[in-house]
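Asker: predicted model follows, preceded by the sequence.
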Amino acid sequence: MNAHTALIDRYFDTWNETDAGRRRELIAATWAKDAAYADPLLTGDGHDGIDAMIRAVHERFPHHTFRRTTQVDGFANRLRFSWELLTPSGASIVKGSDFGVVDAAGRLQAVTGFLDEAPGAA
């Protein structure tokens, strides 16, 4: 497993973590302190903002999980990958693609997400 794949697998572990303390540890290990996340529905800046954003997703979609659906493609400090959000029964309800920038320490500096398939999306 390469460093980008390990980083993104930890990124999904972070999104799926429901224990607040453990999630904060994962955020610190995965994201730069001044990192930023943005997609059409959510934004989060810094560790506190990213934690609040993930917590809001857990409140809106209890017991749902994210999973990576493609290999992590990257060069230099840039990467991309696709994912899906699964219901507790395993049905995929949202699919997307994310693009990231990795800092010199190997943590995520920025992630921009795009929704590829979502309910009600035209």
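Answerer: That came through, no problem.

Asker: C-alpha from now on. contacts and neighbour counts both.
Answerer: Will do.

Asker: and residue 63, what is it in contact with?
Answerer: 87-88 (CA atoms under 8 Å, 6 or more residues apart in numbering).

Asker: for it, which three-state class applies?
Answerer: What DSSP: H, G, I helix; E, B strand; the rest coil gives for residue 63 is coil.

Asker: buried sites along stretch 20-31?
Answerer: By 16 or more other CA atoms under 10 Å, the buried positions in stretch 20-31 come out as 23-24, 26-27, 29-31.

Asker: which of those fall within helices?
Answerer: 23-24, 26-27, 29-30 (DSSP state H).

Asker: possible to save those as a markdown table with pLDDT?
Answerer: Formatted as a markdown table, those follow (pLDDT from 0 to 100):
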| residue | pLDDT |
| --- | --- |
| 23 | 98 |
| 24 | 98 |
| 26 | 98 |
| 27 | 98 |
| 29 | 97 |
| 30 | 98 |
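
Asker: who does the lowest-mean-pLDDT helix or strand in the chain pair with, and is each partner parallel or antiparallel?
Answerer: Using mean pLDDT, DSSP states H and E, the weakest-scoring helix or strand in the chain turns out to be strand 73-75, at a mean of 93. Within its sheet, strand 73-75 is paired with strand 78-86 (antiparallel), according to DSSP bridges.

Asker: where in the protein is pLDDT low?
Answerer: For the chain, the stretches with pLDDT under 70 are 1, 120-122.

Asker: break down it into its strands, ranges please.
Answerer: Counting by DSSP state E, the chain has strands at residues 31-38, 43-45, 65-68, 73-75, 78-86, 92-102, 108-117.

Asker: now distance to residue 3 too, for those, in TSV please.
Answerer: Below are these laid out as TSV (distance: least, CA to CA, whole Å):
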stretch	distance to residue 3
strand 31-38	14
strand 43-45	23
strand 65-68	15
strand 73-75	10
strand 78-86	11
strand 92-102	10
strand 108-117	12
